[in-house]
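Enquirer: predicted model follows, preceded by the sequence.
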Amino acid sequence: EVHLVESGGGLVQAGTFLRLSCAASGFTFDDYDIGWFRQAPGKEREGVSCIRSFDGSTDYADSVKGRFTISRDNAKNTVYLQMNSLKPEDTAVYYCNVRVSWRNYWGQGTQVTVST
């Protein structure tokens, strides 16, 4: 069974940093692209970043480019999201995602709150 567990969220001040982790199990981690999404109160879930399995290439939403960095450790079946220079508008629940056998899987999410 596919299982994703996010961790690392918290309450921080603007300008500081957090590193989120997504621990995965139940599938061949090395073979799959992994994404980070977020959902702020009253807003739709949006894509933040993704990292490909094939070559480790990455994509970022314009709103986080230059501040966030996604990485993966295939030996630990874990994807990370390093978030620097955090802004209040980064406040959201952050989810990791994988699509296996045409089905989307999500973790339970981790809350990130950035205060002014």
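Expert: That came in fine, so what should we check first? Bear in mind the structure is a predicted one, so any value in this text is a computation, not a measurement.
Enquirer: buried residues in stretch 103-115?
Expert: Residues of stretch 103-115 classed as buried: 105, 107, 109-110, 112, 114 (neighbour count, 16 or more other Cβ atoms under 10 Å). Any C-beta I mention is one placed from the backbone N, CA and C, and that applies to glycine too.
Enquirer: any chance of these in CSV, with distance to residue 80, pLDDT and secondary structure too?
Expert: Below are these laid out as CSV (distance: Cβ to Cβ, whole Å; pLDDT from 0 to 100; DSSP: H, G, I helix; E, B strand; the rest coil):
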residue, distance to residue 80, pLDDT, secondary structure
105, 18, 98, strand
107, 14, 97, coil
109, 16, 98, coil
110, 12, 98, strand
112, 14, 98, strand
114, 18, 98, strand
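Enquirer: greatest separation within those: which pair is it?
Expert: The most widely separated members of these, counting by Cβ to Cβ, are 105 and 114 (26.9 Å).
Enquirer: this protein: strands as residue ranges?
Expert: Using DSSP state E, the strands of the chain run over residues 3-7, 10-13, 18-25, 34-39, 46-51, 58-60, 68-73, 78-83, 92-100, 103-106, 110-115.
Enquirer: and the fifth one, how far out from the chain middle?
Expert: Relative to the mean C-alpha coordinate of its chain, strand 46-51 is positioned 7 Å out (Cα atoms, centre = their mean, to the nearest Å).
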